[in-house]
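**Q** need a 3D model of the sequence below.
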Amino acid sequence: MTPASVLQRTFMFKYGDGMGTCFTLDFEGRQYLVTAKHVVKGISGSDRIEVFYANDWHTLAVTLVGEARNEADITVLTTDLQLSPAHPLPPVSLGDFFLSQDVYFVGFPYGLFTEVGDTNRNFPLPFVKKGIVSSWFTDEHGVKQFFLDGHNNPGFSGGPVVLPRFGTYEDFKVMAVVSAYRFENLPIYAGDTPTALAYRHNTGIVVAYDIKHATDVIQSNPIGFVLP
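**A** Presented below is the predicted three-dimensional model:
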């Protein structure tokens, strides 16, 4: 069961031609907005995104806190208001997760959502998908990727990967930010004959980046909205 601490922090938004998912992260008494770098490509300084609310798009002024270094697909923004309730959803620490552990990832595939009206302050509820931690890898620049066994779709980019305390449905923490899925180019056949065309097959490997890359950005520029 994915709790309100996850669902009420997750938003559908768009920037330019890109649409994806973002979520709030409370860190050291301030609230930030985290998403995938590729969804907000080109964002800088003071800018605007559009957030889906009350069955319509609404403009939200944001300020760029920073982008994660190198290949880490994470951008951190801030706003001049508290966008979500301050439910507990801290970042994971080393030892909070292990290989093969169940995790959940949350977002808005293809712009789809569940409408629940006042139950979620007129924000749409995101889709929730489940996977397991299949592997992780840290490259030569210190960028850490998680690989999940799950089925990602366009629109989940920027959403949180979360997990409860092992053996419970309590004490959820955010582990990573959804970036993409591994695909394989497979040939298209005409009868038994392969053509020059191919399609991108979703391999079921979800790629996400360690939430620590977001907190590193925040610590280098702690300008988030001050929580009351």
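**Q** packing partners of the helix ranked longest in the chain?
**A** In the chain, taking DSSP state H as the definition, the longest helix is helix 212-220. Secondary-structure packing of helix 212-220 (3 or more Cβ pairs under 8 Å, 6 or more residues apart in numbering; DSSP states H and E): strand 18-27, strand 30-35, strand 56-67, strand 75-78. For glycine as for every other residue, the C-beta is placed from the backbone atoms N, C-alpha and C.
**Q** quick one: closest of those strands to Thr168.
**A** strand 18-27 (21.4 Å; Cβ to Cβ).
**Q** partners of that closest one in the sheet?
**A** Within its sheet, strand 18-27 is paired with strand 10-15 (antiparallel), strand 30-35 (antiparallel), according to DSSP bridges.
**Q** excluding covalently adjacent residues, which one is nearest to the residue most central in space within the chain?
**A** Residue closest to the average C-alpha location in the chain (Cα atoms, centre = their mean): Gly159, at 1.9 Å. Leaving aside its sequence neighbours, Gly159 sits nearest to Gly107 (Cβ to Cβ, 6 or more residues apart in numbering; 3.3 Å).
**Q** what sits opposite that neighbour in the beta ladder?
**A** Bridge pairing for Gly107 - DSSP bridges - gives Phe127.
**Q** ok, now which ones touch it?
**A** Contacts for Gly107 (Cβ atoms under 8 Å, 6 or more residues apart in numbering) come out as 10, 20-21, 126-127, 155-159, 178.
**Q** show the backbone phi and psi for the nearest residue to Asn70 once chain neighbours are set aside.
**A** Once flanking residues are discounted, Asn70 sits nearest to His141: 4.4 Å by Cβ to Cβ, 6+ apart. Reported as degrees, to the nearest 10, the phi and psi values for His141 are phi -100, psi 0.
**Q** need the contact list for His141.
**A** 69-71.
**Q** please apply the same query to Pro194.
**A** 187-188.
**Q** ditto for Thr59
**A** 48-50.
**Q** isn't Val65 up against Ile223?
**A** Yes. Between Val65 and Ile223 there is a contact at 6.1 Å, judged by Cβ atoms under 8 Å.
**Q** which of the two has more residues huddled nearby?
**A** Val65 (21 against 14; other Cβ atoms under 10 Å).
**Q** apart from its neighbours in sequence, what residue is nearest that one?
**A** Val65's closest residue in space is Val76 (Cβ to Cβ, 6+ apart), at 4.1 Å.
**Q** so who does the one you found touch?
**A** 25, 32-34, 64-68, 214, 217-218 are the contacts of Val76 under Cβ under 8 Å, 6+ apart.
**Q** now do Gln31
**A** 24-25, 78-79, 82-84, 86, 224-225, 227.
**Q** same check on Ala86?
**A** 26, 31, 227.
**Q** can you map out the strands along the chain?
**A** 10-15, 18-27, 30-35, 46-53, 56-67, 75-78, 102-107, 127-138, 144-149, 160-163, 173-190, 193-210, 225-226 (DSSP state E).
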